[in-house]
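Q: I need the structure of the sequence given here:
(one chain, ligands or ions: 1)
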Amino acid sequence: MRNANRLSIPVFILLVRTLVHGSTAVVTVDATHPGAAISPQMFGVFFEDINFAADGGLYPELVKNRSFEFSDPLMSWHEILLIDAKGLAKPRGEMDIRTESPLNQSNPHYLRVKVTEAGYGFWNSGYRGMGVESNAEYRFSAYLRAGGPKSIRAVITDENNKEIGTGTLTGFDEHWKKYETVIRASATTQHAHLNLFVDAPGYLDLDMVSLFPIDTWKQRPNGLRKDLVQLLADMHPGFVRFPGGCIVEGRQLATRYRWKTTVGDLAQRQTLTNRWNDEFDQRPAPDYFQSFGLGFFEYFQLAEDIGARPLPILNCGMACQFNSSETAKLEDLQEYIQDALDLIEFANGPVSSPWGALRAKMGHPEPFHLTMIGVGNEQWGARYLERYKLFAAALKANHPEIELVVSAGPAPAGEPFESMWANWRDMKADIVDEHYYMAPDWFLANSGRYDHYDRSGPKVFAGEYAAQTSGTTKPDNRNNWKAAIAEAAFMTGLERNGDVVRMASYAPLLAHVDAWQWKPDAIWFDNLRSFGTPDYYVQSVFANNVGTRIVPVTSQEGLYTSATIDERTHEVLVKAVNHNSTERPVEIQLKGISESGKAQVTTLGSSDLNAENSFEQPKLVRPRASTVEVKAGTIQARLPPYSLTVYRISLQ
Ligand code: AHR
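A: Numbering: from 1, shown residues only. Coordinates of the predicted model:
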């Protein structure tokens, strides 16, 4: 974890003054007075299970509906019919869904196959197919019991039905037991299937049927998809917000996100319909459910792995206000509040406490260092305020060390934004979450949004934002450089106001190219590949170059600047966005630095505002490193057209 307070070095105020001398922009950095602190957690990530971000994405289980708990319990499972000599499909058995004597009560359905002839088979279609790589190993496992059959053969096939890997499970009896084997694939394909064949007549019961890559992030058995975690790790985000997003709220209270059903034994985690499955008529995803294989333990572990603070968001007793708006009665709120108290124990409590013991049992006796919790996602109105007060009373009394994040509603201005802020100021809330899904021009025009915010009120969490090139929730939104550079310009304003803005995160984070509901998104992936958008790289450049103290800065038309110092590395960091179609000469005068030497430069940009990254050109828009001469404390440079540039200059 990065810590601004670890080093004590002389503190500087860096005063950046931007003037125009002819066509040259002069940026003056005055390193002679102290400046305000900026949170090292400033730029983080917002994770929500939307666009197949969890199941089918970051959580790399290849079998869809592995526990037969989808609303259609046979969804994604199909029989293999053999064609006889007369061309007729010949059944050798049948598939049935049963609930008697289930594996456990949280997972009540299972598949019974009744086999009349040896060789009966059935298959799973995966998440728009299964991504399988040549020479990689996959753990095939299932809970099984049987009367008759003694083995089941698993065959991975490619899109042409060619066998590319096999394995066998054997030795069943009439009791549920977990069996597993490892299958090595002999070919690479995006669209594999898993086929299962039973060796003998009788019945076979199956549950938790899984095909899971061995090569996960940190090689964990229930681990995450490596390429996607790597993209997150490369960002060095200050925090990970999870699990959303509206998914926290549910469309009704009964389908809200309950963290307690997402921890412990995988087979006990209760599958739930994903609220995004039929949210948008234009992008229906009836096969979108949550297995919770990626649950709260895994989210905490992910945050820890990538050096980020965890920021869980909890339901506050309100379902989504764009859907049912169902609200828990005040007298029923204790269950929700207890969930929050128990979560703190799960994250931070001693291993002798009940929830701390579960954390330890899951492999993490050390605390997860939880310091913040969101009470409600994108909520607003009097019912929210009433419920928040009860949460705050209980949480502050028991855990004054935990900061609470509250919502200013879905829009960045007007009502209910204004009245929510007025209430939060009165109530002395800790951190207020603002959302802006707005046009690129809004981001450019709002780069000074926080310059005049009240310094003594609650801190701001710019918790969800993304420039919408077409309009909010429009399917033709683009992740192009036009959107990303507008976000970069806006983010200089977040950084300049780091004394008010505590944290910021782009949203949503992940999207499957064949299964998305919401555009734009920071990272796109298919069953095997992934790439960061220009928006991702803007986030990455800011998060990798966050300092510990800010510099007040004045900007001018077409140029957006911010600057910080990093007391840990003893550097000055100057960021400049040139939002012009032409190159911009700039002179950076570093007062207090008289030395000459080299500054590290990171440049991200494209003269084409329509430029987008893709699987074919994943790094068309990406940061490029170079150096520039610092001569007696002055840098002469040329900012490329439509670019974000970061200079790192040693203070020593
Ligand atoms: O990021 C997508 C959605 O936008 C989030 O779930 C919600 O909080 C916001 O409305």
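
Q: give me the pLDDT for the residue lying farthest from the centre of the chain.
A: Distance from the C-alpha centroid of the chain, by C-alpha atoms, centre = their mean, peaks at Lys86 (53.1 Å). We have a pLDDT of 84 for Lys86.

Q: offset the numbering so it begins at 539, please.
A: Noted, 539 is the first residue going forward, which turns the last one into Lys624.

Q: which residues touch it?
A: Contact analysis of Lys624 by C-beta atoms under 8 Å, 6 or more residues apart in numbering lists nothing. Bear in mind the C-beta positions are built from the backbone N, C-alpha and C, glycine included.

Q: my guess is Ile621 meets Pro629, correct?
A: No - if you go by C-beta atoms under 8 Å, Ile621 and Pro629 don't touch, sitting 11.4 Å apart.

Q: who's more crowded, those two?
A: More crowded of Ile621 and Pro629, by other C-beta atoms under 10 Å: Pro629, with 12 against 9.

Q: which residues touch that one?
A: Contacts here follow C-beta under 8 Å, 6+ apart; on that basis Pro629 touches 617, 619, 654.

Q: what do you get for Leu1158?
A: Residues near Leu1158 by C-beta under 8 Å, 6+ apart: 1144, 1149-1152.

Q: for Ile752, same thing?
A: 674-677, 720.

Q: how's this protein carved up into domains?
A: 562-572+1088-1188, 581-598+755-1083, 615-751 (automatic domain parsing).

Q: buried subset of the contacts of Ile752, written for PyMOL?
A: Command for PyMOL, covering only those of the contacts of Ile752 found buried under the criterion 16 or more other C-beta atoms under 10 Å:
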select buried, resi 676
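
Q: nearest to Gly709, of the contacts of Ile752?
A: Val720 (16.5 Å; C-beta to C-beta).

Q: how near is the closest one to the ligand?
A: Counting by C-beta to the nearest ligand atom, to the nearest Å, the gap from Val720 to the ligand is 37 Å.

Q: so what's that residue bridging to?
A: Arg677 (DSSP bridges).

Q: am I right that it is in contact with Ala692?
A: No - with contact taken as C-beta under 8 Å, Val720 and Ala692 are classed as non-touching, separated by 10.6 Å.

Q: shared neighbours of those two, anything?
A: By C-beta under 8 Å, 6+ apart, the residues touching both Val720 and Ala692 are 678, 705.

Q: now do the contacts for the residue of the stretch 889-1038 of the chain found nearest the ligand.
A: The ligand sits closest to Glu916 of the stretch 889-1038 of the chain, with a gap of 4.0 Å, by C-beta to the nearest ligand atom. By C-beta under 8 Å, 6+ apart, the contact set of Glu916 is 784, 787, 859, 945, 947-948, 971, 973, 1002.

Q: okay, and which of the residues you listed map to strands?
A: 945, 971, 973, 1002 (DSSP state E).

Q: and the strands in the stretch 989-1138 of the chain?
A: 997-1005, 1039-1044, 1048-1050, 1061-1063, 1068-1070, 1087-1089, 1097-1104, 1109-1116, 1122-1129, 1135-1143 (DSSP state E, counting those that start in this stretch).

Q: how about those strands in JSON lines, adding mean pLDDT and distance to Cys854?
A: Listed next are the strands of the stretch 989-1138 of the chain as JSON lines, based on pLDDT from 0 to 100; distance: least, C-beta to C-beta, whole Å:
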{"stretch": "strand 997-1005", "mean pLDDT": "98", "distance to Cys854": "15"}
{"stretch": "strand 1039-1044", "mean pLDDT": "98", "distance to Cys854": "19"}
{"stretch": "strand 1048-1050", "mean pLDDT": "98", "distance to Cys854": "25"}
{"stretch": "strand 1061-1063", "mean pLDDT": "98", "distance to Cys854": "29"}
{"stretch": "strand 1068-1070", "mean pLDDT": "98", "distance to Cys854": "33"}
{"stretch": "strand 1087-1089", "mean pLDDT": "88", "distance to Cys854": "32"}
{"stretch": "strand 1097-1104", "mean pLDDT": "92", "distance to Cys854": "34"}
{"stretch": "strand 1109-1116", "mean pLDDT": "94", "distance to Cys854": "36"}
{"stretch": "strand 1122-1129", "mean pLDDT": "89", "distance to Cys854": "46"}
{"stretch": "strand 1135-1143", "mean pLDDT": "97", "distance to Cys854": "38"}
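
Q: so which of those strands gets nearest the ligand?
A: Nearest of those to the ligand, taken as C-beta to the nearest ligand atom: strand 997-1005 at 5.4 Å.

Q: show me what the closest one pairs with in its sheet, parallel or antiparallel.
A: strand 969-976 (parallel), strand 1039-1044 (parallel).

Q: those into a markdown table, with extra columns for mean neighbour count and distance to Ser863?
A: Below are the strands paired with strand 997-1005 laid out as a markdown table (neighbours: other C-beta atoms under 10 Å; distance: least, C-beta to C-beta, whole Å):
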| stretch | mean neighbour count | distance to Ser863 |
| --- | --- | --- |
| strand 969-976 | 22 | 17 |
| strand 1039-1044 | 26 | 25 |
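
Q: residues of the stretch 739-888 of the chain that sit close to the ligand?
A: 782-784 (C-beta under 6 Å from any ligand atom).

Q: one more pass at 8 Å, please.
A: By the rule C-beta under 8 Å from any ligand atom, the part of the stretch 739-888 of the chain lying against the ligand is 782-785, 860.

Q: for these, which one is nearest Tyr1074?
A: For these, the nearest to Tyr1074 is Gly783 (17.8 Å; C-beta to C-beta).

Q: list the contacts of the closest one.
A: So Gly783 contacts 584, 586-588, 851, 915, 1002, 1045-1046 (C-beta under 8 Å, 6+ apart).

Q: cool, thanks, signing off.
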